[in-house]
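**Student:** One predicted model, sequence on top.
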Amino acid sequence: MSLAEAINITDVMGQIGRQARSAARALASATAERKYAALIGAAHAVRERRDEILAANAIDMANARAKGMTSAFQDRLLLTEARLDAIADALRAIAELPDPVGRIIAEWDRPNGLHIERVRTPLGVIGVIYESRPNVTADAGALCLKSGNAVILRGGSDSVHSSRALVECLRLGLKQSGLPEDGVQLVPTTDREAVGEMLRGLSGNIDVIVPRGGKSLVARVQSEARVPVFAHLEGLVHVYIDRSADLDKAVSVTLNAKMRRTGICGAAETLLVHRDVLDTHLRPILEALAAKGCEIRGDAVVQSMMATVLPATEEDWKTEYEDAIISVKMVDSIEAAIDHIEHYSSHHTEAIIAEDPAAVEKFFNEIDSAILVHNASTQFADGGEFGFGGEIGIATGKMHARGPVGVEQLTSFKYRVRGNGQLRP
């Protein structure tokens, strides 16, 4: 990159930051009715501009195929009419959520007559750095708008045309409702230096960074960011089949957890099966996975159960495949399953299939992941399924936000103290 280009990117990003800060001030005091109107307008625009958005996505898809991107990557990138309907529905669902801004979280009176309130407030300007999932563009923009925040979106270069088309729908909704269009901005360049500018905080104009993507992206953000980060690590998700598991649930839940959509962060990557149900449960699960085209990598015991199982290596227990591949291991006890999960997990989502309440409670109490699931698919691990209307990501850290980051998690709070002339002695 030439010096002139670097200076240009710095200038462009600086301007984006200033515009976002100005918009954030307006959005922080925007009425619930105006924010609702903006989101409904955006949802309407997604439906009205369906052909334009799909045409933009077709360009991204053609480029992805030309680059030889994996089928899982292409699935994450692809927009269809059904997926656009889902995006529009998600925008409407977020619009219908209660407005968190100004909500009184707690209030109390002091002996001196002071009345104190803790009240929800927007964070300010949120920078979202993500890879090639066009739906993140809509979800992130909508959640930030609903929570009174301005957002700067920097999507992956592979989804640039799709993201641009969706951002235009969000900006149209803002304009129609009388709110500043710069409440939602898309970084206009795919140059990586733009990410560096965001991580440096744009001269104090970014309050929080939310990374959403693979290990290399999150590692860079955590290493270089000079502003707070809502960490969203990989989804190395486990399903444990307990000795008390119902066979039908074990088969159907595992199959859905792995194969419904293999490229999402809630997809199961490792299956752990209790020794006592190997003969009754393992083969039906493996056969169901194989019938759907899933490659199975297992330890020696699992390999002995089915000839097509490939040997699992140490690296497999550490891998988020994001593809139709699963690693499978026999465990002697629930304690062994918990030990394996705690050693290899990214602390995103884990599931137990069990009918024994004591086993479920032990699993829930001893595993330190953001989301724990009993007798249900791990693919429910997203904000929409939690009733949040959508999410920016799954935070696996422990500060401020954990689990799905939705509208409420995109707010902070302030104190309002009301008095009647009190003086401190």
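**Tutor:** All right, it came through fine. These numbers were taken from a predicted model, which means no experiment stands behind them. Numbers count the residues shown, from 1 in each chain.
**Student:** Helices of the stretch 51-200 of the chain, residue ranges please.
**Tutor:** For the stretch 51-200 of the chain, the helices defined by DSSP state H, counting those that start in this stretch occupy 71-77, 81-96, 134-146, 160-176, 192-199.
**Student:** Looking at those, which is nearest to Asp60?
**Tutor:** helix 160-176 (5.1 Å; C-beta to C-beta). Where you see a C-beta, it was placed from the backbone N, CA and C, and this is true even at glycine.
**Student:** which parts of stretch 115-127 are buried?
**Tutor:** 119-127 (16 or more other C-beta atoms under 10 Å).
**Student:** a markdown table for the residues you listed, including distance to Gly155 and pLDDT?
**Tutor:** Shown next, in a markdown table, are the buried residues of stretch 115-127 (distance: C-beta to C-beta, whole Å; pLDDT from 0 to 100):
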| residue | distance to Gly155 | pLDDT |
| --- | --- | --- |
| Val119 | 33 | 94 |
| Arg120 | 28 | 96 |
| Thr121 | 27 | 95 |
| Pro122 | 22 | 96 |
| Leu123 | 20 | 95 |
| Gly124 | 21 | 96 |
| Val125 | 17 | 98 |
| Ile126 | 14 | 97 |
| Gly127 | 12 | 97 |
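**Student:** and of these, the nearest to Gly148?
**Tutor:** Pro122 (3.6 Å).
**Student:** residues contacting the closest one?
**Tutor:** 24, 27-28, 101, 147-149, 410-412 (C-beta atoms under 8 Å, 6 or more residues apart in numbering).
**Student:** could I get those as JSON lines with distance to Gly173?
**Tutor:** Output for the contacts of Pro122, formatted as JSON lines (distance: C-beta to C-beta, whole Å):
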{"residue": "Ala24", "distance to Gly173": "17"}
{"residue": "Leu27", "distance to Gly173": "13"}
{"residue": "Ala28", "distance to Gly173": "18"}
{"residue": "Val101", "distance to Gly173": "18"}
{"residue": "Ser147", "distance to Gly173": "15"}
{"residue": "Gly148", "distance to Gly173": "15"}
{"residue": "Asn149", "distance to Gly173": "15"}
{"residue": "Leu410", "distance to Gly173": "18"}
{"residue": "Thr411", "distance to Gly173": "21"}
{"residue": "Ser412", "distance to Gly173": "25"}
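**Student:** can you pick the most crowded of these?
**Tutor:** With neighbours taken as other C-beta atoms under 10 Å, the top of the contacts of Pro122 is Leu27, carrying 30 neighbours.
**Student:** I'd like the next helix or strand past the one helix or strand that residue maps to.
**Tutor:** Element membership for Leu27, per DSSP states H and E: helix 3-28. As assigned by DSSP H and E, the chain's next helix or strand after helix 3-28 is helix 32-48.
**Student:** which one is Leu77 nearest to, not counting chain neighbours?
**Tutor:** Residue nearest to Leu77 in three dimensions, not counting chain neighbours: Ser132, with 4.9 Å by C-beta to C-beta, 6 or more residues apart in numbering.
**Student:** what's the spacing between stretch 302-315 and its chain's center?
**Tutor:** 31 Å (C-alpha atoms, centre = their mean, to the nearest Å).
**Student:** tell me which residues in it are buried?
**Tutor:** Residues 302-303, 305-306, 309, 312 are the ones in stretch 302-315 that count as buried (16+ other C-beta under 10 Å).
**Student:** now stretch 356-376
**Tutor:** Buried positions in stretch 356-376, judged by neighbour count with 16+ other C-beta under 10 Å: 359-360, 362-363, 367, 369-373, 376.
**Student:** Chain neighbours aside, what residue packs nearest to Leu410?
**Tutor:** Spatially, and ignoring its direct neighbours in sequence, Leu410 is nearest to Ser147 (4.0 Å; C-beta to C-beta, 6+ apart).
**Student:** Can you read off the pLDDT for that neighbour?
**Tutor:** Listed pLDDT for Ser147 reads 96.
**Student:** surely it meets Arg103?
**Tutor:** No - applying C-beta atoms under 8 Å as the test, Ser147 and Arg103 come out as separate, 10.9 Å apart.
**Student:** how many neighbours does Leu202 have?
**Tutor:** A count of nearby residues for Leu202, using other C-beta under 10 Å, gives 22.
**Student:** That one and Ile9, how far apart?
**Tutor:** Separation of Leu202 from Ile9 (C-beta to C-beta, to the nearest Å): 12 Å.
**Student:** Tell me who's in contact with the closest residue to Glu320 other than its chain neighbours.
**Tutor:** Closest residue to Glu320 apart from its sequence neighbours, by C-beta to C-beta, 6+ apart: Glu234 at 4.4 Å. Residues counted as contacts of Glu234 (C-beta under 8 Å, 6+ apart) are 214-215, 218, 265, 320, 346, 348.
**Student:** One more: Gly196?
**Tutor:** Counting by C-beta under 8 Å, 6+ apart, Gly196 makes contact with Glu224.
**Student:** quick one: it from Leu410, how far?
**Tutor:** 24 Å.
**Student:** Then Val360?
**Tutor:** 32 Å.
**Student:** hmm, back to that, from the contacts of Pro122, which land in strands?
**Tutor:** Counting by DSSP state E, the contacts of Pro122 place 411-412 in strands.
**Student:** Could you identify the most distant pair in the contacts of Pro122?
**Tutor:** Longest distance between any two of these is 14.4 Å, between Leu27 and Ser412; criterion C-beta to C-beta.
**Student:** hmm, back to that, can you report how many residues neighbour the residue nearest to Leu77?
**Tutor:** So Ser132, with other C-beta under 10 Å, has 21 neighbours.
**Student:** Glu335 too?
**Tutor:** Neighbour count of Glu335, defined by other C-beta under 10 Å: 11.
**Student:** which residues of the stretch 201-350 of the chain fall in helices?
**Tutor:** 215-224, 247-259, 283-291, 300-305, 334-344.
**Student:** Mean confidence (pLDDT) on the longest one, please.
**Tutor:** When pLDDT is averaged over helix 247-259, the result is 97.
**Student:** So for it, what gets flagged as buried?
**Tutor:** Those buried within helix 247-259 under the rule 16+ other C-beta under 10 Å are 250-251, 253-259.
**Student:** which residues are in contact with it?
**Tutor:** Under the criterion C-beta under 8 Å, 6+ apart, residues 237, 239, 241, 266-268, 271, 277, 280-281, 284-285, 288-289, 292-294, 324, 326, 351, 353, 375-379 lie in contact with helix 247-259.
**Student:** What about those residues, which are in strands?
**Tutor:** 237, 239, 241, 268, 271, 326, 351, 353.
**Student:** Would you format those as CSV with distance to Glu335 and pLDDT included?
**Tutor:** Listed next are the ones in strands among the contacts of helix 247-259 as CSV, based on distance: C-beta to C-beta, whole Å; pLDDT from 0 to 100:
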residue, distance to Glu335, pLDDT
Val237, 20, 96
Val239, 17, 98
Ile241, 15, 98
Ala268, 21, 97
Leu271, 18, 98
Ile326, 23, 98
Ala351, 17, 96
Ile353, 17, 97
